[in-house]
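Asks: Provided below for reference: sequence and predicted model.
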Amino acid sequence: MNIVQFLASSRRLFLTLALLVTFFSAAAQVADTARHLGGIKEVELTDVEVAPQAVDTKGWLLLDQDVQQELNGAVHNLYNFKFDRADRQFRSLRRRYPQHPMAYFLMGLSTWWKILPTNMSATQYDRTFFAYMDTATTKAKAMYDADKHNYEACFFLSAAYAFDARLHAERHDWRKATVSSKRALDYLDKSKEANGLSPEFLFGQGLFNYYAVWIADEYPWLRPVLFFFPKGNRDTGIAQLRQVGQTGFYTATEARFFLMRILGSEREHEETAALAVATQLITDFPDNSYFERNYAMLCFREGDWAGCEKASRSILRKLNEGMPGYEGYSGRYATYFLGFLMQYRYHRMTDARDYYQRCIVFSETVANTSGGYYQGAAFNLAKLAEADADLGGTRRYFQMVVAGGDHAAPSYKEATAWLRGHK
């Protein structure tokens, strides 16, 4: 099996590369199918911001201040998970500009954020999402064909193809993901000439600069393949995302979202900086379940127990109220954190057991029982049962820890040792 065939069969690696296509940027593994697509040309994205000369930006909604002012509330509603309100405003924009891709793309983005909080498991929105992104690319391609210097069209083509590629990758449709990734990369390369016109154009460059280096460092054996992808620069990428987060309009929240994830990752290990970004996000968008659960997680890591508890209780309240985006995945986070706080901060063991058991139920409901909070909740329940001399409960929960799967976790090693000694 050669390296290209190996990549074609590796879901994890494909999704790692697909990080590059999550928003306004695109890249994917070079599968066998790529050889029949004319190949992926070598491009190099730089951090040089040059406003192209003599470009006619008349009719560009992306730069229209009146449109931005009109959509300010809609964009806020989108990220605050008030989808019905946002979609009404986007449909109004579509009625007035039926041949422009912006409204279709924004409605697709709204649909994307209905899928994201479920860890991409919700499939009922797929057809709607793909339809919006397909229409956005069709409208944008017509604009580009009419004017090859229409960088706004390139922007929407890159963005829509990138999203299309990411969801196709999540659904294991590798050929479609590869095709859309190549197209997104091509249009991103074209749109870089407009970096100086708006921070919106800089967002894709920032993602590429960061993630291209990250993948090359994490998977050195992939470097021959990555020769065909843009050259990256970690520091430049983070700086560009910070700039877009501060000065962008349509892409500012997405830039902060990625900064939160990047800075809080094991690779960067800058939880304090990530928490500062998360705090800004939940201040601006308090009803975004994805932002709120990540804020709770970062508070937990940083030992901000008050912040973690407040956010966790808020998540459970909104989940009980049936608010959009608040479901089993968010409940899994919140109940684990509250169980931990009840056990170790307040020493209320009955409450701790209740929250841990609810965490297990949430995890099983969303079929996420491999390591993580499920394994942690089961381990703590086992320790609580052991303290009560409940041999049967201890065995049952330690068996759940072992079934949870992370063999490298200290909890797994302790559970297996206990079970060996209590046959």
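Replies: It's in. Numbers count the residues shown, from 1 in each chain.

Asks: elements contacting the helix or strand hosting Ile360?
Replies: Applying DSSP states H and E as the criterion places Ile360 in helix 349-365. In terms of contacts (3 or more CB pairs under 8 Å, 6 or more residues apart in numbering; DSSP states H and E), helix 349-365 is packed against helix 328-344, helix 372-387. C-beta here means a position set from N, CA and C on the backbone, and glycine is covered the same way.

Asks: Point out the most buried one among those.
Replies: helix 328-344 (a mean of 23; mean count of other CB atoms under 10 Å).

Asks: And the helix holding Ile360, what's buried?
Replies: For helix 349-365, burial by neighbour count (16 or more other CB atoms under 10 Å) applies to 352-353, 355-360, 362-363.

Asks: ok now it, how far from the chain's centre?
Replies: Computed by CA atoms, centre = their mean, to the nearest Å, the chain-centroid distance of helix 349-365 equals 26 Å.

Asks: and that helix, C-alpha only, in CSV?
Replies: Taking C-alpha atoms only, helix 349-365 is exported to CSV below (Å, rounded to 0.1, in the frame of the first residue of the first chain):
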residue,chain,number,x,y,z
MET,A,349,-21.2,12.8,47.9
THR,A,350,-24.9,12.1,47.2
ASP,A,351,-25.0,15.0,44.8
ALA,A,352,-21.7,13.9,43.3
ARG,A,353,-23.1,10.5,42.5
ASP,A,354,-26.2,11.9,41.0
TYR,A,355,-24.3,14.2,38.6
TYR,A,356,-21.8,11.4,37.6
GLN,A,357,-24.7,9.0,36.9
ARG,A,358,-26.3,11.7,34.8
CYS,A,359,-23.0,12.2,32.9
ILE,A,360,-23.0,8.5,32.1
VAL,A,361,-26.6,8.7,30.9
PHE,A,362,-25.8,11.7,28.7
SER,A,363,-22.7,9.9,27.3
GLU,A,364,-24.7,6.8,26.5
THR,A,365,-27.5,8.8,24.9
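
Asks: Just the residues contacting that helix, thanks.
Replies: By CB atoms under 8 Å, 6 or more residues apart in numbering, the residues outside helix 349-365 that reach it are 328-329, 331-332, 335-336, 338-340, 342-343, 369, 372-374, 377-378, 380-381, 384, 400.

Asks: just to revisit the earlier point, could you single out the nearest of the buried residues of helix 349-365 to Ala165?
Replies: For these, the residue nearest Ala165 by CB to CB is Ser363; the value is 29.4 Å.

Asks: Which residue is the nearest non-sequential neighbour of the closest one?
Replies: Tyr374 (3.9 Å; CB to CB, 6 or more residues apart in numbering).

Asks: what are the phi and psi values for Arg267?
Replies: For Arg267, the backbone dihedrals (degrees, to the nearest 10) come out as phi -70, psi -50.

Asks: All set now, cheers.
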